[in-house]
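sequence and predicted structure below; questions after.
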There are 2 protein chains.
Amino acid sequence: MPKIVDHETRREEIAEALWRVVRRDGIRAASVRTIAAEAGWSAGAVRYYFPDQDGLLNFAMELVTRRVTERIDALEVKGSVTTIALRYLEEVLPLDADRRAEFDVWLAFIAQARAETGVSTLRQHVDKVHDGLRELCDSLLRALDQAGVLKAGLDLRREVERLHALIDGLALHGAIQPDRTGPARIRQLLRHHIETLLA
Amino acid sequence: MPKIVDHETRREEIAEALWRVVRRDGIRAASVRTIAAEAGWSAGAVRYYFPDQDGLLNFAMELVTRRVTERIDALEVKGSVTTIALRYLEEVLPLDADRRAEFDVWLAFIAQARAETGVSTLRQHVDKVHDGLRELCDSLLRALDQAGVLKAGLDLRREVERLHALIDGLALHGAIQPDRTGPARIRQLLRHHIETLLA
DNA sequence: CAGACACTAACACAGGTGTGCTAAAAAGAG
DNA sequence: CTCTTTTTAGCACACCTGTGTTAGTGTCTG
């Protein structure tokens, strides 16, 4: 009988409007009304899908990471272990306009999450994602190790953390100075780092 | 004749109150009134030293980097070139509560600066600081090179950027997961990275 | 003390904030 | 078409926002 709308889709549309607002004017400007205007709906419409603002913020944040995760899960790379590893890691880095936007928003969320003391949903989520990326680094290095292409005598745990830090640093630099630290340069630096780990 | 107050000192006190608010409740909560309350003064007093909010924000941001710069300039390290290099780089990393607080606030400013389109003061400042840190990495690696302790055949430009990215990545990780990525671990990872560059 | 400065208190303004509520419009299956 | 369910627009509320302004009180120094 009733009009059926996919709630999930609507929520994602609204969350993406939130992204645009955050990216254009900062998280301080992300009010229910500005987001509604950005999405092209009334404020009431937004509040139909998100009763309160915190829910919206959390959802929008989780959507960022969901998008990244989906891209990674959908990856089917052929080639050497090294090629595969690089390809996976590139998916996390701001190598095109979309991913740069993602990272900008993600950065804003991290900063906001830092502020919320105690058991904050935002904070827990940042933690989870952070762990997730480390696990990705871990499994990739492990794959390289099992393929026998790694240098002998490497402290793998340490290399995982070093790689992880480098990834996040590169992403940050790609966001701060996209001109200097462009996609090509990022790729180059990442590849070079991996190569220093190879035998 | 008059009561003389060092304006600079007062402005710094207020800026530090801004830091605490940003760190505790996020940049969204950093209003003139909340900052005044945090500083223990009336809103009028704050506005006596900062006619508008943007000025306060900019000043507070520049104060963060000024503190870091002052610490670095004041450094007098003895020891090997390597020791000196490590010691300098550590000054930028969130290795104690104070520096962790600094970095949290700095992160919030970076995220905010990302949003401000066009010629934003915040953005210019982030750029400047970013360049400054790269130059520090550059001069430290150059010093190592001239001391002849570096591996032969290194692409110095590349290594500067890699080190720079690693530094920022480590700082980020120290902020996100201070338990896992504590001071000792950060130092260890940094030292290890430098060691991979040595002959 | 005198006088220049530091600061407070209080108000005003126009506008934005999250949230709660209500009346109406839309929409599709029977 | 009808009727039930969604979906929407819009108003209301109390409060916070940055920025002005004004008048008055402290407070220290020469």
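Nice, I can see it. Quick caveat, the model's predicted, so the values are computed rather than measured.

residue A:166 is in contact with residue B:164, isn't it?
No - between residue A:166 and residue B:164 there is no contact under Cβ atoms under 8 Å: 10.3 Å. (Each C-beta comes from the backbone N, C-alpha and C, glycine too.)

got the buried residues for the helix or strand that contains residue A:110?
Per DSSP states H and E: residue A:110 is located in helix A:97-115. Counting neighbours by 16 or more other Cβ atoms under 10 Å in any protein chain shown, one finds that the buried residues in helix A:97-115 are A:99-115.

one more: stretch A:143-153?
For stretch A:143-153, burial by neighbour count (16+ other Cβ under 10 Å) applies to A:143, A:144, A:145, A:149, A:150.

from the residues you listed, which is closest to chain B?
Proximity of these to chain B was ranked by Cβ to the nearest Cβ; the top entry is residue A:150 with 13.7 Å.

what residues are up against that closest one?
By Cβ atoms under 8 Å, 6 or more residues apart in numbering or on different chains, the contact set of residue A:150 is A:141, A:144, A:197, A:198, A:199.

with DNA strand C as the reference, measure out to the nearest residue to residue A:84 once chain neighbours are set aside.
Among residues not flanking residue A:84 along the chain, residue A:77 sits closest, at 4.6 Å (Cβ to Cβ, 6 or more residues apart in numbering or on different chains). Distance of residue A:77 to DNA strand C, computed by Cβ to the nearest atom of the strand, to the nearest Å: 41 Å.

got the domain ranges for chain A?
Listed by automatic domain parsing, the domain ranges of chain A are A:1-51, A:53-197.

who touches the helix or strand of chain A at the bottom of the mean pLDDT ranking?
Lowest on mean pLDDT, DSSP states H and E among the helices and strands of chain A sits helix A:43-49, with a mean of 86. Helix A:43-49 has contacts (Cβ under 8 Å, 6+ apart) with A:7, A:10, A:11, A:14, A:32, A:33, A:35, A:36, A:39, A:56.

strands of chain A, start to end?
Counting by DSSP state E, chain A forms no strands at all.

sketch out the low-pLDDT regions of it for me.
A:1-5, A:117-119 (pLDDT under 70).

which ones among the buried residues of stretch A:143-153 are found in helices?
Here DSSP state H is the test, and the buried residues of stretch A:143-153 give A:143, A:144, A:145 as lying in helices.

got a list of what the closest residue to the first one other than its chain neighbours touches?
Nearest in space to residue A:143, with sequence neighbours left out and distances taken as Cβ to Cβ, 6+ apart, is residue A:81 at 5.5 Å. Applying Cβ under 8 Å, 6+ apart, we find residue A:81 in contact with A:143, A:144, A:147, A:149.

for residue A:81, give its distance to chain B.
Distance of residue A:81 to chain B, computed by Cβ to the nearest Cβ, to the nearest Å: 21 Å.

with residue A:14 instead?
19 Å.

what's the local residue count around the closest residue to residue A:69 other than its chain neighbours?
What sits nearest to residue A:69 in space, not counting adjacent residues and going by Cβ to Cβ, 6+ apart, is residue A:132, at 7.6 Å. When neighbours are defined as other Cβ atoms under 10 Å in any protein chain shown, residue A:132 has 15 of them.

with the one 3 residues further on instead?
Other residues near residue A:135 number 12, with proximity taken as other Cβ under 10 Å.

mind listing what it touches?
Contacts for residue A:135 (Cβ under 8 Å, 6+ apart) come out as none.

and it, how far from residue A:72?
Per Cβ to Cβ, to the nearest Å, residue A:135 is found 11 Å from residue A:72.

name the nearest residue to residue A:12, sequence neighbours excluded.
That would be residue A:63: by Cβ to Cβ, 6+ apart, it lies 6.1 Å from residue A:12.

any figure for the gap between the one you found and residue A:94?
For residue A:63, the distance to residue A:94 (Cβ to Cβ) stands at 17 Å.

quick one, which of those two is more surrounded?
residue A:94 (25 against 19).

surely that one and residue A:106 touch.
No - look at residue A:94 against residue A:106 with Cβ under 8 Å: they stay out of range, at 9.5 Å.

quick check, central residue of chain A?
Centroid-nearest residue in chain A, with Cα atoms, centre = their mean: residue A:65, separated by 5.0 Å.

would you check that that one makes contact with residue A:122?
No - at 11.6 Å, residue A:65 does not count as touching residue A:122 under the criterion of Cβ under 8 Å.

count the neighbours of the closest residue to residue A:56 other than its chain neighbours for me.
Sequence neighbours aside, residue A:50 is the residue nearest to residue A:56 in space, at 4.1 Å (criterion: Cβ to Cβ, 6+ apart). Residue A:50: 22 surrounding residues under other Cβ under 10 Å.

residue A:50 is in contact with residue A:59, isn't it?
Yes - under the criterion of Cβ under 8 Å, residue A:50 makes contact with residue A:59 at 6.9 Å.

name the residues contacting each of these two.
By Cβ under 8 Å, 6+ apart, residue A:50 and residue A:59 have these common neighbours: residue A:11.

so where do the helices sit in chain A?
Going by DSSP H, chain A shows helices at A:7-25, A:32-39, A:43-49, A:53-74, A:81-90, A:97-115, A:121-146, A:156-176, A:183-197.

can you pick out the most distant pair from the contacts of helix A:43-49?
Largest separation among those by Cβ to Cβ: A:7 and A:33, giving 21.2 Å.

count residues in the vicinity of residue A:124, would you?
For residue A:124, using other Cβ under 10 Å, the count is 13.

equivalent analysis for residue A:24, please.
Applying other Cβ under 10 Å, we find 14 residues neighbouring residue A:24.
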